[in-house]
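Student: I would like the atomic coordinates for the input below:
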Amino acid sequence: MAGRSCYRDVMPFTAMVTMESTNVGLNILFKSAASRGMSNYVFIVYSYAFATVLLLPLPFVFPCRTRLPPFELSLLVKAFILGFIRFMANICAYKGIGYSSPTLASAISNLTPAFTFILAIIFRCSGGGSL
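Tutor: Purely as a prediction, here's the structure:
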């Protein structure tokens with residue numbers, strides 16, 4: 001029982017550290033590629049293609065055990081809008097890294113939870129429940 005609890009406690013931390021390390025690695029990789037003349041758009045397409053190739057086999061390796069809800073057009077529209085917003089955020093972020101440094105971009109990305117918390121307070125979205 002203690003092993004299961006430890007796994008539940010350590011897994012979110014491990015995922016967070018992995019994502020932050022990946023983000024910093026992408027920032028450094030982009031700065032290196034941009035200094036050699038690669039376009040922002042080409043880098044974003046390459047990173048999305050790499051992510052697709054990496055993530056596409058996962059549903060076949062780990063099949064879903066529960067029945068999924070029916071696929072609706074509103075879900076597709078929401079996914080498209082979310083993807084478009086992320087694409088525009090990547091363009092702005094990589095354009096900013098081109099003018100500054102990956103260190104500054106990584107430091108600013110660490111402020112994202114603080115901005116999210118402030119927006120949750122402003123829009124009164126905080127659930128206030130404990131974990």
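Student: list the contacts for the closest residue to residue 90 other than its chain neighbours?
Tutor: What sits nearest to residue 90 in space, not counting adjacent residues and going by Cβ to Cβ, 6 or more residues apart in numbering, is residue 44, at 5.1 Å. In short, each C-beta sits where N, CA and C put it, glycine included. Listed by Cβ atoms under 8 Å, 6 or more residues apart in numbering, the contact set of residue 44 reads 87, 90-91, 94.
Student: mind listing which of the residues you listed are in helices?
Tutor: Judged by DSSP state H, the subset of the contacts of residue 44 located in helices is 87, 90-91, 94.
Student: ok, those vs residue 6, which is closest?
Tutor: residue 90 (35.5 Å; Cβ to Cβ).
Student: how close does residue 101 get to residue 49?
Tutor: Per Cβ to Cβ, to the nearest Å, residue 101 is found 26 Å from residue 49.
Student: what about those two, which has more around it?
Tutor: Per other Cβ atoms under 10 Å, whichever of residue 101 and residue 49 has more neighbours is residue 101, with 13 against 10.
Student: all helices of this protein, in order?
Tutor: Per DSSP H, the chain carries helices over the ranges 2-35, 40-55, 58-61, 73-99, 102-109, 112-122.
Student: buried stuff in the fifth one?
Tutor: Within helix 102-109, the residues that count as buried by 16 or more other Cβ atoms under 10 Å are 102, 105-106.
Student: dump these to a markdown table, plus pLDDT and distance to residue 113.
Tutor: Below are these laid out as a markdown table (pLDDT from 0 to 100; distance: Cβ to Cβ, whole Å):
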| residue | pLDDT | distance to residue 113 |
| --- | --- | --- |
| 102 | 80 | 20 |
| 105 | 81 | 16 |
| 106 | 79 | 14 |
